[in-house]
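Student: give the three-dimensional model of this entry:
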Amino acid sequence: MPPLLLALVQAGTIDQATAERLARQLDPEFARAWGEATIEDAFSGGLAGQRSRLLELLEATDNNPTAAQLNQFWAAEDRTLWESVQSSVLEVVDERAALAAIGAGLDTTFDLVSQSVIDWAEDYYINADLDMVGSIPNLNLTARTRFQTAFVRWQRGELDVVTPGGGLPDLIAAIEPVFGRVRAEAIAVTETTRIFTESLRLVEAGNPFTVGFTMHTARDEKVCFICSPLDGQFRTKDQPYYIHPELGNVYGPNFHVRCRCGETPETELTLKVT
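Tutor: Take a look at the predicted model:
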């Protein structure tokens, strides 16, 4: 176990189990892979459950639900989907907040800092504001819109026939991208980046030595045209955006779906070194 974590255990700041959890977070690649896998598994199950509940509604209404019934369904899903993924999301949040707090030297307020990040997550993921693009209400809005498009096309007989005789199996196939593993994976990558970024920002907000952040990409062949020009750019602590040469002010990370970028906190000393 790293000496710092061992010292915190001996001081009674954290327990052995927490130290072991944090130790795995010290490997950036492993930490991201673990975060993405944890959230992907949660959303894979959550979206599958949502699809099952939606199909049950279609069966109960003879494939002709009213607008009121659909409104009621999606309103309930804002709570139901969050409840199905909440524990997994908050597990990732808690570990990243704790690691960021220790890295910033804020071990004396360990529990308080972790709770502030958890409070952010619990507020963010139930927020219906359209700016909160990764929140459950907004994820459900995407699902609702895409389902409605497929459903109308299915009623009109405009979907490609993928099963003998067509029918409901064709609709189920058409909405697979909305509720399947691929979407769960996209959400996981995106929200892992968001959680890592917000955890760091909230912790560093209380660090008087931090003056700003430097943005960094994953620096591999998957880096996109949006993020590539921002790699290495510095922003001050009170400026919430980076300046893109073509897009102007951009807020993030995240900068887009599946964004894997991050930030490094900077002090006056680290800026002089670089």
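Student: all strands of the stretch 151-274 of the chain, in order?
Tutor: Remark: strands assigned in the stretch 151-274 of the chain by DSSP state E, counting those that start in this stretch are 210-216, 234-236, 241-244, 248-251, 262-267.
Student: against which helices or strands is the first one packed?
Tutor: Here strand 210-216 touches helix 181-204, strand 234-236, strand 262-267, helix 268-273, going by 3 or more Cβ pairs under 8 Å, 6 or more residues apart in numbering; DSSP states H and E. Every C-beta, even on glycine, is put in place using the N, C-alpha and C of the backbone.
Student: where do the helices sit along the stretch 1-150 of the chain?
Tutor: 3-10, 16-25, 28-60, 67-103, 110-124, 136-155 (DSSP state H, counting those that start in this stretch).
Student: of all these, which one comes closest to Arg219?
Tutor: helix 28-60 (12.1 Å; Cβ to Cβ).
Student: any buried residues in the closest one, and which?
Tutor: 31-32, 34-36, 38-40, 42-44, 46-47, 50-51, 54-55 (16 or more other Cβ atoms under 10 Å).
Student: and that helix, average pLDDT?
Tutor: For helix 28-60, mean pLDDT rounds to 95.
Student: isn't Ser199 right up against Asp94?
Tutor: No - judged on Cβ atoms under 8 Å, Ser199 makes no contact with Asp94 at a distance of 9.1 Å.
Student: compare the two (neighbour count), which wins?
Tutor: The neighbour comparison of Ser199 against Asp94 (other Cβ atoms under 10 Å) goes to Ser199, with 27 against 19.
Student: do you know how far the more buried one is from Arg181?
Tutor: 26 Å (Cβ to Cβ, to the nearest Å).
Student: kindly report the same for Gly134.
Tutor: 18 Å.
Student: cool, Leu47 as well?
Tutor: 8 Å.
Student: before we move on, what about Trp120?
Tutor: With Cβ to Cβ as the criterion, Trp120 and Arg181 are 28 Å apart.
Student: still on that earlier bit, of the helices of the stretch 1-150 of the chain, which is nearest Gln233?
Tutor: That would be helix 28-60 among the helices of the stretch 1-150 of the chain, by Cβ to Cβ, at 19.7 Å.
Student: for the closest one, packing partners?
Tutor: The elements that helix 28-60 packs onto, with contact taken as 3+ Cβ pairs under 8 Å, 6+ apart, are helix 16-25, helix 67-103, helix 136-155, helix 168-174, helix 176-179, helix 181-204.
Student: tilt between it and helix 181-204?
Tutor: Calculated by axes from the mean of the first three to the mean of the last three Cα atoms, to 10 degrees, helix 28-60 forms an angle of 130 degrees with helix 181-204.
Student: what's the angle from helix 28-60 to helix 136-155?
Tutor: Using the same axes, to 10 degrees, helix 28-60 lies at 50 degrees relative to helix 136-155.
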